[in-house]
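Chemist: sequence and predicted model, in that order:
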Amino acid sequence: MRPFAAGTERDLADAVADWARGLTPVIAEAEKAGAIPRGVIADLGRLGVLGMTIPERDGGLGASSVAFALVLEELAAAWPSLSVGVAVNSGIVAGTIVRHGTAEQRAQLLPRLLDGIGLGAFALTEPTSGSDAAALRTTARRDGEGWRIDGRKQFITNARYAPFAIVFARVGEADRVVASRPGAPSPAHAGITAFVVPLDAQGVSVGPHERKLGLHASDTSALVLDGARVGAGAVLGEEGKGFAMALAGLDGGRIGIAAQAVGIARAALSVARAYARDRKQFGRAIGEFDGVRFPLAELEARLAAARMLALRAAWLKDRGRPFTRQASMAKLFASEMAQKATHAAVQTLGGNGYMRDYAVERYARDGRATTIYEGTSEIQRLVIARSLLAA
Amino acid sequence: MKILIPLKQVPDSTVRVSVAADGKSIKTEGVTWSISPYDEYAIEMALERKDADASTVVAVVTVGPARSRDALRQALAMGCDEASLVVAEETAAPLAVARALAKVVEEAKPDLVLCGKQASDDDQGFIGPALAEVLGWAHVATITKIVPADGAAELWREVEGGHEVWKAKLPALATVHKSEKEPRYPSLPGIMKAKKKEIPERAFASLNVDSSAPALEIVAMEPPPARGAGKILKDGDAKQTAQQLATLLRDEAKVL
């Protein structure tokens, strides 16, 4: 069931699902090695998945948000670690450049997000600012024609694969072109500006690959900016407007995480269902026991509801209508559902579910991240509540 | 070079086929249909030529029921340039299908016709050689590689311990055993482009082919017998068990 989706959107998702089925032999090894093979990223480029959200005039496919959500669900059902990388590259990073990039920036940057050589990164989080993103400490100072950026970004997806990262840094009072009204208090996000920082720029280095609970093959690393030098053309969008850009990027990204949670839950439940039918205890299939089948039934209903929330938010986005609240609702509901679904799957398989031989333990570990990244469940409740109670 | 590939839509290899109520056909309800695997190899082989020489035109055609349009669309999404459909009943006689394809070939004037060596549904391997016969063209079976050679083509076959290379003057027909690479997945832009392409359609009858042919009638279809349970030898010591096993392997399984 794919409500809100037209035939073409379903065909694109089916094509990706077909391809993703062939990934099975590489997943276990890649998860152990902690890296997505370059060949898989190249395939995604060749298949046109990486460029699917980029408009045709910029060399992409110009597919809808609904199609992208369906594709992320399929990728996540096959391999969650891969879906995260694609969600960041083709969702948040590409989306931010398409919305805010100049013609020159689009021409220069977007081809590098779809060529299958790397995956772009979005660097907002810092060691001391997670949910309170506006408190970021990275600074940007004018330095001749360009800028000098100093700070440390944390938990950056794709850092090791990225040709460049969108880095959010604060431009200090002294360096701001437009001074705020004298005497007026500056908001917490004053001066935050988005910069495009090539990973091979002077003063940029990538920290060690983080060791995580799940999503082992997805790269998560720190990005260290030690007097990083970028040119005047590195500013993305308007100076000082970076925080609103980051929030807008995250709005779209949340649809992607909701779709990913749906894919993870679907895959785990499908293993559980097959197991419940085949596994016999006390002389019958365990699926005949209400203790086993009722949770599966309950979660099937929640899974369908989560998918509808995700696709509705995508459908609104495609029509240029407000979708911030709907994206947060989808992300909150789908990611929490995925916790229950993956844990029910492990429980259905019992001892086998706890073993690496079955994929459900991986889905449970991988799915855990969905209530945390791109805004925790608590932040989603805050976004929804604010929008609900706004005058 | 223009390459034409007659293809057939068959039940996908993942479908668990079951016999329909009439006992003479398979249940088609809820079946996922795909391009027959050897036809996919033929498409891949042709597209590899196109990758090497962009002036290559790759066309596909099928004679089959209306649902076969999806298989043609899939071939376009993989990168084929043209597709056309001849709508026929499921039960059209194979020789009549070959004659219909010959008409299409005569109109399309390809330099090379590539057929999968056999369709995965009935595994008859009839259409390729029959089409070559109707056309009066040279025919090389079960090839694995094409190398163009100035008005001709080198057609490679795998044989025991090596390769056999045939040279055929064009036009010619070959059946394909395997391509060098696995058949490609359709790209997303390929799918979008394929949607915009016209797939002209005509009725089998409009080709006016001689449909008198040795009639094949399927008398009955039945699933293979269910596998019986395995035997466990547990009486006796190791020597006796080994003896029993040897006897069973020789007399019952007939593998010794």
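Modeler: Happy to help now that I have it.

Chemist: what is the subsequent helix or strand relative to the lengthiest helix in chain A?
Modeler: Counting residues, the longest helix found in chain A (DSSP state H) is helix A:242-278. Where DSSP states H and E defines the elements, the next helix or strand beyond helix A:242-278 is strand A:280-281.

Chemist: model confidence over that following strand, on average?
Modeler: Averaging the model's pLDDT scores along strand A:280-281 yields 96.

Chemist: okay, now the residue in chain B that chain A sits nearest to: neighbour count?
Modeler: Across chain B, the shortest distance to chain A (CB to the nearest CB) belongs to B:Leu188, at 3.7 Å. Bear in mind the C-beta positions are built from the backbone N, C-alpha and C, glycine included. One way to gauge burial is a neighbour count; for B:Leu188, by other CB atoms under 10 Å in any protein chain shown, it gives 27.

Chemist: show the contacting residues for it.
Modeler: The contact partners of B:Leu188, taken as CB atoms under 8 Å, 6 or more residues apart in numbering or on different chains, are A:Leu12, A:Ala15, A:Val16, A:Leu47, A:Gly48, A:Val49, A:Met52, A:Leu61, A:Ala63.

Chemist: surely the last one meets A:Ala13?
Modeler: So the one you mean is A:Ala63. No: in this structure, A:Ala63 sits apart from A:Ala13 without contact. The criterion is CB atoms under 8 Å, and the distance is 10.0 Å.

Chemist: wait, what's in contact with residue 143?
Modeler: This is for chain A. For A:Asp143, the contacting residues are A:Arg229, by CB under 8 Å, 6+ apart.

Chemist: you looked at the wrong chain, it should be chain B
Modeler: B:Leu155, B:Trp156, B:Arg157, B:Ala174, B:Thr175, B:Val176, B:His177.

Chemist: same question for A:Asp18.
Modeler: B:Tyr185.

Chemist: helix or strand for it, which one?
Modeler: With the criterion set as DSSP H and E, the secondary-structure element containing A:Asp18 is helix A:7-21.

Chemist: what's the following helix or strand after that helix?
Modeler: On the C-terminal side of helix A:7-21, the closest following helix or strand by DSSP H and E is helix A:24-33.

Chemist: what comes up buried for that next one?
Modeler: A:Val26, A:Ile27, A:Ala30, A:Glu31 (16 or more other CB atoms under 10 Å in any protein chain shown).

Chemist: wait, doesn't the last one sit right on A:Ser81?
Modeler: Put plainly, it is A:Glu31. Yes: here A:Glu31 reaches A:Ser81: they are 6.8 Å apart, a contact under CB under 8 Å.

Chemist: which residues do the two both contact?
Modeler: Shared contacts of A:Glu31 and A:Ser81, defined by CB under 8 Å, 6+ apart, comprise A:His216, A:Ala217.

Chemist: now A:Gly85. Nearest residue, chain neighbours left out?
Modeler: If the residues on either side of it in the chain are set aside, A:Gly85 comes closest to A:Leu119, at 4.8 Å by CB to CB, 6 or more residues apart in numbering or on different chains.

Chemist: what values do phi and psi take at residue 205?
Modeler: In the absence of a named chain, chain A is used. With angles defined as degrees, to the nearest 10, A:Ser205 shows backbone torsions of phi -140, psi 160.

Chemist: quick one: it and chain B, what's the gap?
Modeler: Counting by CB to the nearest CB, to the nearest Å, the separation of A:Ser205 from chain B is 35 Å.
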